[in-house]
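Asker: starting from these lines, generate the structure:
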Amino acid sequence: MRALPGRDSRIASHAPPATVTRSSAHQDQRRRILRAIAELVAKRGYADVTVELIVKRARVSYKTFYKHFSSKDECFEELFDSTFEATDRAIRERLAGEGEWPARVVLALGTWVERIAADPLVARAVIVEAPTVGPAMLGRYERLTKAFASLFREGRALNPRGAELPGTIEDTLSGSVIWSAYQRLIVGEADRLPELLPEMIELVLRTYVGQDEAARIARAQPAPA
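Answerer: This is a model prediction of the structure:
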């Protein structure tokens, strides 16, 4: 239940301070380092970010940084992996109680867009800047571009000619969704993604349920706040 306004602050004023343990301090350091590299890469580009800039922004020492990561590359790889996994987990949790495939697509894309709009700096670092990092990131980025393919593939059961669809159509649709976010992030318009969500939904659904039904489902989505 949500606390009444001001209730949290009144409780906090009488609560004992949280105990700082070695484990919690370690986790906080790691969180600050990952946040720092995300913000720096999003604003400056990967090539212009150094370990010196990361430790300054994270307010940690070089020793602390190298206790967590062996290099800037490893640090960014951890940012990419942890962001991908957290988003995948959030989508799976949302889909757990939903059985209808069109509704699952709507919910998955909606959750993804929400997370991008909530933290566009991390999203820009992962979606826009990651391909510039180098060969080590290529496999990871390909996995990102195909993230929705398995969910979209379930829609073949709704198309009488689903078995005849090109084998790569789901990879293409998933890549198109990622590209839509890429385009908005690169021009600093992550806040516009919720407006484009119906367009993404219709793009995916029409391959499986037809143009008219896809448009109907897309139009039924509430307007972004």
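Asker: for the residue nearest the centre of the chain, list the residues it contacts.
Answerer: Centroid check for the chain by Cα atoms, centre = their mean gives T87 as the closest residue, at 5.0 Å. Applying Cβ atoms under 8 Å, 6 or more residues apart in numbering to T87 gives the contacts T111, W112, R115. In this view, the C-beta of every residue, glycine as well, is placed from N, C-alpha and C.
Asker: could you rerun that using 6 Å?
Answerer: Going by Cβ atoms under 6 Å, 6 or more residues apart in numbering, T87 touches R115.
Asker: what helix or strand is it on?
Answerer: Taking DSSP states H and E as the criterion, T87 maps to helix 72-95.
Asker: next helix or strand past that helix?
Answerer: The helix or strand immediately downstream of helix 72-95 is helix 101-118, counting by DSSP H and E.
Asker: what does that following helix contact?
Answerer: With contact meaning Cβ under 6 Å, 6+ apart, helix 101-118 is reached by 87, 90-91, 94-95, 98, 123, 151, 154-155, 181, 190, 193-194, 197, 200-201, 204-205, 217.
Asker: could you do stretch 202-219 as well?
Answerer: By Cβ under 6 Å, 6+ apart, the residues outside stretch 202-219 that reach it are P102, V105, F152, G155, L158, N159, L173, P198, I201.
Asker: wait, G162 sits on G155?
Answerer: No - the pair G162 / G155 is not scored as a contact, 7.5 Å apart, by Cβ atoms under 6 Å.
Asker: give me the more crowded residue out of those two.
Answerer: A direct count of neighbours by other Cβ atoms under 10 Å for G162 and G155 places G155 higher, at 22 against 15.
Asker: can you pull the contacts of the more buried one?
Answerer: Shown in contact with G155 (Cβ under 6 Å, 6+ apart): W101, Y208.
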